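Visitor: No letters, just coordinates:
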């Protein structure tokens, strides 16, 4: 008979069911979101804000403990946590343990995440920090010992159903009919291939059903131009840029769509735009896309795949089409690699150091413009013809039209000029120190948010791996693997952002370093390396926002400094490079010099790259007074001459005179050295006994003063 064996008493878990208690003694947050701008202010908005606040008060919360988070108006719930301002703030409150609950009208207000990655990150954060999620119909407590797992599963299900509503009902049900029509080879709306028209006749004149209803038919006024484009392209041996340039300059151009209409019962929708040279493809990219369109040999594509072969009449023969196609496309029509791909062999592009005479702009990466209430970075382009960098703002409407272009060095000059003047004045050191502190705090909060997301996503991925051990169905295993791969992509994205943010730490250190070295920057700026200048600019400037003014081509430049201050400048249209750079301080200096009766050469010396007539034009425009600046003065700077050109001309004249004198007396002039420029702008040196710059037989050159 076996003996009874006693064991040491174990610590037992309290298995009694714990009732859900709402933490009304802590702060809580009401999260509000509308998917589109059109929904803002409707009944749903009222339910999400006013009603939810009243509901929280009825549950026991005091009004001063309710935090409203309503920054995500018009933001989709499919966006990630760190892509929504309001959700980011809510996530920080949760991880900082500043709230005990989150309230929203419905689960889909928080997430519409098909992958469930963001949902799982949110659940894990609420679980670790013991934060409840409250909706009018449910209180979720993911950390509850008995109900936590069920609540998490229920919350995931609701969010998944919200996401499936978009894909199933909106994208599925509403677009399914459109997809079926398009897959059958019929036009369902949108831009059409130029050279075709759509047959919209359901029945033919004899009453029979039209088999080509909603399909392409040739529209010859445009079709013959497209055929000519193929010929020109092949004549240029596949060089897209050269062929497109010839077409723009010499044609042929398409007929004006507003005047060339299809026959009755047919329809066209080319959505073309007229270039300065006529109706033709806007750029080389649009031109190559046209030539590689399989519609021109009768095939129909939908979502970048051929779905119907020989669907409509071809515009051009296959031999000509594939000659052009093989110059352009790396893939064949069935999506496989194009073994006949032979791109145009252009001359290799020289390296940046060999080709570009200017350093990369100092303000690159800091310049933005507004597009539909959002800040968008401008592009930095190199102009090979004029050998300069430019900033270009392009529209975000799908056409990438240029809104404005400005010389990058022009912007650099304005920003640097204001920066140095700002440093030269009595700088608010305390404000600057505060700006550094705020910038560092924002950096640390962003890093903390990023690390938290990475840690919680790692836990989600570990849970997915652990679940594989209990699965035997291949379909379920495949689904877990799919979710893990999606989570891995999100993890890589967050990891990349984390690495990029680390680089911002260098900016903080520079800001601290420059805090005590303003005088060194002012003194050494001309001798500093470009990389050092760029580091200074990026350390003091937060961003530059350019706004095109309604009148003319001028733009307004708003410079936002790290210390919280702001400066604004209106920049003139970028015409001639030197002439365009009229800053307010330059204009004020010109007016003062003229009105003080300053010598012409001294005035020109202050603006060495501007022609004299440009100075006269500017003064008359600003003061409405010509002041005899247009009168040509003998022996001084000429009307169409800059100060630098004047110095070069006078120096050359002196050199010729010295050579003539040497030939006449057979001796070298001891004072015939190179000319020099005095402090008053006069050219000195050259032949002894004759005023510098005076030709033989001419009167002596004297400095002419502008009449006061």
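Guide: Alright, I've got the coordinates. Please read all numbers here as calculations on a predicted model, not as lab measurements. Numbers count the residues shown, from 1 in each chain.

Visitor: Only C-alpha atoms from now on, for both contacts and neighbour counts.
Guide: OK.

Visitor: Can you give the distance of stretch 99-108 from its chain's centre?
Guide: 34 Å (C-alpha atoms, centre = their mean, to the nearest Å).

Visitor: In that stretch, which residues are buried?
Guide: Using 16 or more other C-alpha atoms under 10 Å as the burial criterion, the residues of stretch 99-108 that qualify are 99, 100, 101, 102, 103, 104, 105, 106, 107, 108.

Visitor: Nearest to residue 531 among those?
Guide: Within the set of the buried residues of stretch 99-108, residue 99 lies nearest residue 531; the separation is 45.4 Å, counting by C-alpha to C-alpha.

Visitor: Okay, and the closest one sits in which element?
Guide: Taking DSSP states H and E as the definition, one finds residue 99 inside no helix or strand.

Visitor: Please determine how far it is located from residue 250.
Guide: Using C-alpha to C-alpha, to the nearest Å, we find residue 99 at a distance of 69 Å from residue 250.

Visitor: Then residue 470?
Guide: When C-alpha to C-alpha is the yardstick, residue 470 and residue 250 sit 71 Å from each other.

Visitor: where does the chain have its least confident helix or strand?
Guide: Using mean pLDDT, DSSP states H and E, the weakest-scoring helix or strand in the chain turns out to be helix 43-46, at a mean of 39.

Visitor: Low-confidence regions, the stretch 501-650 of the chain specifically.
Guide: Low-confidence regions of the stretch 501-650 of the chain, defined by pLDDT under 70, span residues 501-520, 550-553, 572-583, 626-627, 630-635.

Visitor: Let me see the ranges of the strands in it.
Guide: 541-548, 555-561, 566-571 (DSSP state E, counting those that start in this stretch).

Visitor: Does anything pack onto the second one? Which helices or strands?
Guide: Here strand 555-561 touches strand 541-548, strand 566-571, going by 3 or more C-alpha pairs under 8 Å, 6 or more residues apart in numbering; DSSP states H and E.

Visitor: Packed most tightly, which of those would that be?
Guide: Each of the helices and strands packed on strand 555-561 was given a mean neighbour count from mean count of other C-alpha atoms under 10 Å, and the largest, a mean of 20, is that of strand 541-548.

Visitor: Can you list the strands that that one pairs with?
Guide: Looking at strand 541-548 with DSSP bridges, its partner strands are strand 367-371 (parallel), strand 555-561 (antiparallel).

Visitor: Present the ones you listed as a markdown table; the columns should include mean neighbour count and distance to residue 279.
Guide: Listed next are these as a markdown table, based on neighbours: other C-alpha atoms under 10 Å; distance: least, C-alpha to C-alpha, whole Å:
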| stretch | mean neighbour count | distance to residue 279 |
| --- | --- | --- |
| strand 367-371 | 20 | 27 |
| strand 555-561 | 20 | 29 |
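
Visitor: Tabulate these (TSV), appending distance to residue 282.
Guide: TSV is the format used below for the strands paired with strand 541-548 (distance: least, C-alpha to C-alpha, whole Å):
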stretch	distance to residue 282
strand 367-371	22
strand 555-561	25
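
Visitor: how about those strands, which one is nearest residue 465?
Guide: When these are ranked by distance to residue 465, counting by C-alpha to C-alpha, first place goes to strand 367-371 at 43.8 Å.

Visitor: which residues sit against the closest one?
Guide: 375, 376, 377, 378, 393, 395, 396, 543, 544, 545, 546, 547 (C-alpha atoms under 8 Å, 6 or more residues apart in numbering).

Visitor: The same query, at a cut-off of 10 Å, please.
Guide: Strand 367-371 is touched from outside by 374-380, 391-397, 403, 408, 411, 542-548, 557-559, with contacts defined as C-alpha atoms under 10 Å, 6 or more residues apart in numbering.

Visitor: do stretch 456-465 as well
Guide: 117-118, 120-125, 128, 451-455, 466-467, 477, 480-481, 483-488, 490-491, 494.

Visitor: Also stretch 250-262?
Guide: With C-alpha under 10 Å, 6+ apart, stretch 250-262 has contacts from 194-198, 219-226, 228-229, 232, 244-247, 267-274, 277-281.

Visitor: if you set the cut-off to 8 Å instead, what comes out?
Guide: 197, 219, 221, 222, 225, 228, 247, 268, 278, 279, 280.

Visitor: Now intersect those with the strands, please.
Guide: The subset of the contacts of stretch 250-262 located in strands under the criterion DSSP state E comprises 197, 278, 279.

Visitor: Tell me the one of the residues you listed nearest residue 646?
Guide: Closest approach to residue 646 among the ones in strands among the contacts of stretch 250-262 (C-alpha to C-alpha): residue 278, at 43.6 Å.

Visitor: mind checking how far the closest one is from residue 64?
Guide: Computed with C-alpha to C-alpha, the distance linking residue 278 and residue 64 is 65 Å.

Visitor: Tell me which of these two has more neighbours.
Guide: For the pair residue 278 and residue 64, the greater number of neighbours falls to residue 278 (19 against 8), based on other C-alpha atoms under 10 Å.

Visitor: The more buried one is in contact with residue 272, isn't it?
Guide: No: shown here, residue 278 and residue 272 do not form a contact pair, counting by C-alpha atoms under 8 Å, at 10.7 Å.

Visitor: all helices of the stretch 51-200 of the chain, in order?
Guide: Ranges of helices in the stretch 51-200 of the chain, per DSSP state H, counting those that start in this stretch, are 52-59, 85-95, 107-110, 117-129, 148-164, 175-183.

Visitor: Of those helices, which is nearest residue 606?
Guide: For the helices of the stretch 51-200 of the chain, distance to residue 606 was read as C-alpha to C-alpha. The smallest value, 49.9 Å, belongs to helix 85-95.

Visitor: how about the nearest residue to the residue minimising distance to the centre of the chain, chain neighbours excluded?
Guide: What sits nearest the mean C-alpha location of the chain, by C-alpha atoms, centre = their mean, is residue 377, with 3.2 Å. With sequence-adjacent residues excluded and distances taken as C-alpha to C-alpha, 6 or more residues apart in numbering, residue 377 is closest to residue 368, at 4.3 Å.

Visitor: and the gap between that neighbour and residue 408?
Guide: Counting by C-alpha to C-alpha, the gap from residue 368 to residue 408 is 13 Å.

Visitor: remind me which residues of the stretch 201-350 of the chain are low pLDDT?
Guide: Across the stretch 201-350 of the chain, residues meeting the criterion (pLDDT under 70) sit at 276-277, 344-350.

Visitor: what ranges do the strands span in it?
Guide: With DSSP E, counting those that start in this stretch applied, the stretch 201-350 of the chain shows strands at 216-218, 266-267, 274-275, 278-279, 300-301, 306-308, listed in chain order.

Visitor: Now distance to residue 656 too, for these, in JSON lines please.
Guide: As requested, these are exported to JSON lines (distance: least, C-alpha to C-alpha, whole Å):
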{"stretch": "strand 216-218", "distance to residue 656": "73"}
{"stretch": "strand 266-267", "distance to residue 656": "75"}
{"stretch": "strand 274-275", "distance to residue 656": "52"}
{"stretch": "strand 278-279", "distance to residue 656": "53"}
{"stretch": "strand 300-301", "distance to residue 656": "74"}
{"stretch": "strand 306-308", "distance to residue 656": "76"}
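
Visitor: so who does residue 298 touch?
Guide: Residues in contact with residue 298, defined by C-alpha under 8 Å, 6+ apart, are 309, 310, 311, 312, 313, 314, 315.
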